[in-house]
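**Student:** Could you work out the structure for the sequence below:
(2 chains)
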Amino acid sequence: MVFLTLEHILTHISFSVVSILISIHLITLLLFNEIIGLSDSSKKGMIITFFCITGLLFTRWFFSSHLPFSDLYESLIFLSWTFSILYIVPYFKKHKNYYLNTIITPSVIFTQGFATSGLLNEMHESLILVPALQSHWLMMHVSMMILGYATLLCGSLLSVAILVILFQELIQIIGKSKNFYFLNESFSFAVINYINISEKKNVFKKTFFSSYRNYFRSQFIQQLDHWGYRTISLGFIFLTIGIISGAVWANEAWGSYWNWDPKETWAFITWTIFAIYLHTRKNKKFEDINSSIVASMGFLIIWVCYLGINLLGIGLHSYGSFTPN
Amino acid sequence: MKALSAINSSNPCLSKTHFLKVPIFHPFFRFKPFSHSYSIHVRGAKTALTPSFTINCKLKTSHDIKSKEKSVSQKIVLSEGSPPPLTEDGDTNGENVPESSQKKESPFGVVRMLRRKTLQILSNLPLAIGEMFAVASLMALGTFIDQGEAPDFYFQKYPEDHPVFGFFTWRWVLALGFDHMFSSPIFLGVLALLGASLMACTYTTQLPLIKVSRRWLFLHSAEAIRKQEFSESLPRASIQDVGTILMGAGYEVFLKGPSLYAFKGLAGRLAPVGVHIAMILIMAGGTLSATGSFRGSVTVPQGLNFVVGDVLAPSGFLSSPTEAFNTEIHVNRFYMDYYESGEVSQFHTDLSLLNMDGKEVMRKTISVNDPLRYGGITIYQTDWSISALQILKDNEGPYNLAMAPLQINGDKKLFGTFLPVGDINSPDVKGISMLARDLQSIVLYDKEGKFAGVRRPNSKLPINIDGSEIVIVDAIGSSGLDLKTDPGVPLVYAGFGALMITTCISYLSHSQIWALQDGTTIIVGGKSNRGKMEFPEEMNLLLDKVPEIVESTLGG
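**Tutor:** Coordinates of the predicted model:
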């Protein structure tokens, strides 16, 4: 009983902290303010969230004596934990990375919120593991897959951001209305914010745009593109290891390493799409736009792979479906 | 080609245009003079033509053996044929190669040209990207269309009168083989094409990359260095200091006179080759598995036995049985473990293997995730069921009542059996029903269907139903085993391991730095293939450490 209440407390703390953080970020974005104290508090807030979610996972682990991977609720909690890991690691390495933050914080809040919301009430209790899941491979396979999903989601969101910036100019030309003026202003604010905070680096000398805003926008896009590329490469490594460990586990447990199970197939499709992304970057002509489009498709495909298959509830991976067995 | 040589006899200008039109392989399209014996000889010739000729020499030396580049090198050598000094020593080597190939008989030449053209087409990157898209969409389609159902299912699901999306009827599904998508000709064909592209790309693009990246390419002109992505000039410094600082930062440094070349992280450049080779290994292993393995599954009640060879069936044309197929397997005992809540936690089977002479060669208890391996055959515990109930009726027996599965829902199963009471031959025979979810407890119902009681098999407690005294002696389970031999598994595992390692390594970035001492100024340039953002920062930090020489003469 103690564990249950501890779990509840930790869940609610992390949820409230993250919701406060998202409001802070929204305020910073919308109101053009220069209150530095808020950004410090957002860092502290993320660290608090990280510890809360870690505590939550450990509590579930001790309480149920198996690693918290067995159903959808637990894997969602683990997903939000990996998002916060992705925030913490650059923070400790002192990389000044502002784009990842704005993407990670909303992701954490959304996954955490979804998991703790009323939709999944009946799944909050920890279940026992069926015999097929009692294996050491469970730890490696599931953790690598979810880590891979989280990293790839962040990277593909960065590419979506590139596409939005590239096309919002197009939208403005087409739309020519006051609504899009607001979007334009917020993006140019983001760009100017970036300039004010970072040092001037004369990295990209190939630009010869005439207007001031265009030059910095192209620098911004190139920064986003580079960070997206690095993140997606890292996520690709995790996804590869996850799929391979899943295949080896299947071979040890059931005798064949690939069964064309829907979840396996979709994981392979995700892997293929990101392999296409990495290959489109080889060709200098297609580099920016095409690769961003591919990465955005990858974003949707990850969600189909992770949640969509569970919703259908078919195949070997039906542990995580919404309909209780 | 012959016509070109006639036109091109002594016209240096034409050579230059030809050079520009040649589709030169990308990494070489850089003006990096190569300090090699050829180029030194050529520099004696007209200096105005030096740049183009040195590049031609370099291309020749690395590609005169590659069949794909033969077309490229042929064109270039022809353009070199114009100025007379080049027909002497070093270049005759290059000239002989295309000439000798032209002298070969035409059928052989046609084969060579076909092979070259196929390789060129297959290793085209957009084609590979298109193939990957095709594979991905076919797989997605395979998950949406239910696989392996009877044709009737597709008639109903994709009827002709109102087709899905306006055109997709069952004819499409059955004709294209979408009902067994993952073994259908279309899917396997696209996979085979992807495999061929992979092999062609590895051969033509990746392997030369290994040769290229091992060369030390010195840059000899300040202009070339300034054209790099990152370049700086240090006004009063000595190149030895730069070299020392770079070595301290983990670079491998090569100094030659006034110029310097350093690199770091070469593995990051070579690892993608390893990735492609690992993929080829995996595909080869998968093909071997699909064509050369044996599979089978059997449900054996506790106490019985079976011969391995009776159970296994081949899956492809390369399968051949081994000596171990004569082994006989006894199921000594089958038992299950339960959680406190009553759910099944694990099921175990105690197996002993006997060879043809009846001698026991192996004995092991297997469970899920813990298979038995013997002689290339692997036995997995995958399923369980209850085969019979042993009961005593009015102290007579024991009778074995076979249990039939009534409902199976994943790991939750229900088995039942029936003991008739009274006149067996009457059409309306009634009896005692016994139901069991697992081997722990049996639920008994009397002949009206009313609940009578629960008994555990080993308690030996009798129960009195409708005047008969029933004692449940034992519930005999049967073990569901899957057997398999798979020759492709070692290859596939090797491919998996290689893929994991090389993918991790290819995350490293390969940085290259060139420097040239120009008087007292050093011009430094560099590039990195992956870490484009961190590289300039790192370079700035390193160059900040280079000491500034304040005397007017370089101390040396």
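**Student:** Could you use CA atoms for every contact and neighbour count after this?
**Tutor:** OK.
**Student:** List the contacts of B:Pro371.
**Tutor:** A:252-253, B:378-381 (CA atoms under 8 Å, 6 or more residues apart in numbering or on different chains).
**Student:** One more: B:Glu534?
**Tutor:** Counted by CA under 8 Å, 6+ apart, B:Glu534 has zero contacts.
**Student:** can you list the weak-confidence ranges in the chain?
**Tutor:** You didn't pick a chain, so chain A it is. Scanning chain A for pLDDT under 70 picks out A:1, A:22, A:25-26, A:28-42, A:63-72, A:90-134, A:169-213, A:284-287, A:312-325.
**Student:** Can you look at chain B instead?
**Tutor:** The model of chain B has pLDDT under 70 over residues B:1-106, B:163, B:166, B:206, B:213-216, B:410-411, B:551-556.
**Student:** Could you tell me which residues of it lie near chain A?
**Tutor:** Within reach of chain A by CA under 8 Å from any CA of the partner chain, chain B has these residues: B:125, B:129, B:132-133, B:136, B:139-140, B:143, B:182, B:229-230, B:344-347, B:368-371, B:378, B:380-382, B:411, B:482-484, B:493, B:496, B:500, B:503-504, B:507, B:530, B:532-533, B:536.
**Student:** let's see 6 Å
**Tutor:** Within chain B, the positions near chain A by CA under 6 Å from any CA of the partner chain are B:129, B:136, B:143, B:345-346, B:369, B:500, B:503.
**Student:** Inside strands: which ones of those?
**Tutor:** B:345-346 (DSSP state E).
**Student:** Could you identify the buried members of the residues of chain B next to chain A?
**Tutor:** B:129, B:136, B:143, B:345-346, B:369, B:500, B:503 (16 or more other CA atoms under 10 Å in any protein chain shown).
**Student:** Now the terminal residues of stretch B:145-164, how far apart.
**Tutor:** 12 Å (CA to CA, to the nearest Å).
**Student:** List the buried residues of that stretch.
**Tutor:** Applying 16+ other CA under 10 Å to stretch B:145-164 flags B:145, B:154, B:158 as buried.
**Student:** which one among the buried ones among the residues of chain B next to chain A gets closest to B:Arg295?
**Tutor:** Closest approach to B:Arg295 among those (CA to CA): B:Asn369, at 17.7 Å.
**Student:** you'd agree that closest one is up against A:Ala253?
**Tutor:** Yes - taking contacts as CA atoms under 6 Å, B:Asn369 lies within contact range of A:Ala253: 4.2 Å.
**Student:** so what sits against both of those two?
**Tutor:** Here B:Asn369 and A:Ala253 have no joint contacts, going by CA atoms under 6 Å, 6 or more residues apart in numbering or on different chains.
**Student:** contacts for stretch B:260-274?
**Tutor:** So stretch B:260-274 is contacted by B:206, B:218, B:251-254, B:502, B:505-506, B:508-515 (CA under 6 Å, 6+ apart).
**Student:** Show me what the lengthiest helix in chain A is packed against.
**Tutor:** Assignment by DSSP state H gives helix A:212-254 as the longest helix of chain A. Applying 3 or more CA pairs under 6 Å, 6 or more residues apart in numbering or on different chains; DSSP states H and E, we find helix A:212-254 packed against helix A:137-175.
**Student:** I'd like to know how many residues surround the nearest residue to A:Ser256 once chain neighbours are set aside.
**Tutor:** Distances taken as CA to CA, 6 or more residues apart in numbering or on different chains put A:Ala250 closest to A:Ser256, at 6.1 Å, once the chain neighbours are dropped. Look at A:Ala250: counted by other CA atoms under 10 Å in any protein chain shown, it has 18 neighbours.
**Student:** For the residue of chain A found nearest chain B, give its distance to B:Asp370.
**Tutor:** Nearest to chain B in chain A, going by CA to the nearest CA, is A:Ala253, at a distance of 4.2 Å. Distance from A:Ala253 to B:Asp370, counting by CA to CA: 7 Å.
**Student:** more crowded one of those two?
**Tutor:** Taking other CA under 10 Å, A:Ala253 and B:Asp370 do not tie; A:Ala253 has more neighbours (22 against 16).
**Student:** Might you report the residue contacts of the more buried one?
**Tutor:** Contacts of A:Ala253 (CA under 6 Å, 6+ apart): B:Asn369.
**Student:** go again using 10 Å as the cut-off
**Tutor:** Counting by CA atoms under 10 Å, 6 or more residues apart in numbering or on different chains, A:Ala253 makes contact with A:132-133, A:135, A:247, B:367-371, B:379-382.
**Student:** what do you get for B:Val492?
**Tutor:** By CA under 10 Å, 6+ apart, the residues touching B:Val492 are A:248, A:257, B:278-289, B:498.
**Student:** Checking it next. Helix, strand or coil?
**Tutor:** helix (DSSP: H, G, I helix; E, B strand; the rest coil).
**Student:** And for B:Val111, the neighbour number?
**Tutor:** 11.
**Student:** and if you look at B:Ser385?
**Tutor:** Neighbour tally, B:Ser385, other CA under 10 Å: 23.
**Student:** Without its sequence neighbours, what residue ends up closest to it?
**Tutor:** Here the residue nearest B:Ser385, using CA to CA, 6+ apart, is B:Ser478, at 5.2 Å.
**Student:** Just want the angle from the helix or strand where the one you found lies to helix A:212-254.
**Tutor:** In the assignment (DSSP states H and E), B:Ser478 maps to strand B:468-485. Using axes from the mean of the first three to the mean of the last three CA atoms, to 10 degrees, the direction of strand B:468-485 lies 120 degrees away from that of helix A:212-254.
**Student:** Partner strands of strand B:468-485, with direction?
**Tutor:** Using DSSP bridges, the strands paired with strand B:468-485 are strand B:294-301 (antiparallel), strand B:377-393 (antiparallel), strand B:462-465 (antiparallel).
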